[in-house]
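J.: Structure for the following, please:
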Amino acid sequence: MDSTQKSYTVVLERKAEKQLKSLSKIDYLKVSAAIEKIAKNPRNHNAIKLTDSDNEYRFRIGDIRILYTIEDRKLHVYVLKIGNRKDAYR
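T.: Predicted structure coming up:
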């Protein structure tokens with residue numbers, strides 16, 4: 001990655017913010033660290049583009065998924081959902 005590349009601003013949707021706060025402390029720390037990685041490079045090797053969407057990605061941390069969209073022109077990442085894999089895609 002180029003050292004001059006700017007970091008994205010991460011915006012948590014209200015639902016995602018509530019979901020983040022409801023996680024256990026260990027999971028909260030893991031997800032927070034993953035969100036920092038997403039801010040640096042939202043299309044890194046752990047991010048997978050969802051097939052049903054034009055611009056929606058998922059980031060996997062064990063059984064937890066972070067679903068987000070990327071807006072390159074504004075350098076924003078919008079976190080839509082954070083949750084267990086069985087519930088994240090509903």
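J.: So in terms of bridging, what pairs with R58?
T.: Judged by DSSP bridges, the bridge partners of R58 are I48, L67.
J.: ok, now how distant is it from T51?
T.: In this view, R58 and T51 are 11 Å apart by C-beta to C-beta, to the nearest Å. Any C-beta I mention is one placed from the backbone N, CA and C, and that applies to glycine too.
J.: Repeat that for K74.
T.: In terms of C-beta to C-beta, K74 sits 25 Å off from T51.
J.: Mind listing residues that contact the helix ranked longest in the chain?
T.: The longest helix of the chain (DSSP state H) is helix 25-40. Helix 25-40 is touched from outside by 1, 7-10, 20-21, 23, 44, 46-47, 59, 61-62, 64, 66, 68, 77, 79, 82, with contacts defined as C-beta atoms under 8 Å, 6 or more residues apart in numbering.
J.: List the buried residues in it.
T.: For helix 25-40, a neighbour-count test (16 or more other C-beta atoms under 10 Å) marks D27, V31, A34, I35, I38 as buried.
J.: Which of those sits closest to D87?
T.: D27 (13.7 Å; C-beta to C-beta).
J.: Would you agree L67 is in contact with S53?
T.: No. Under the criterion of C-beta atoms under 8 Å, L67 makes no contact with S53, lying 9.2 Å away.
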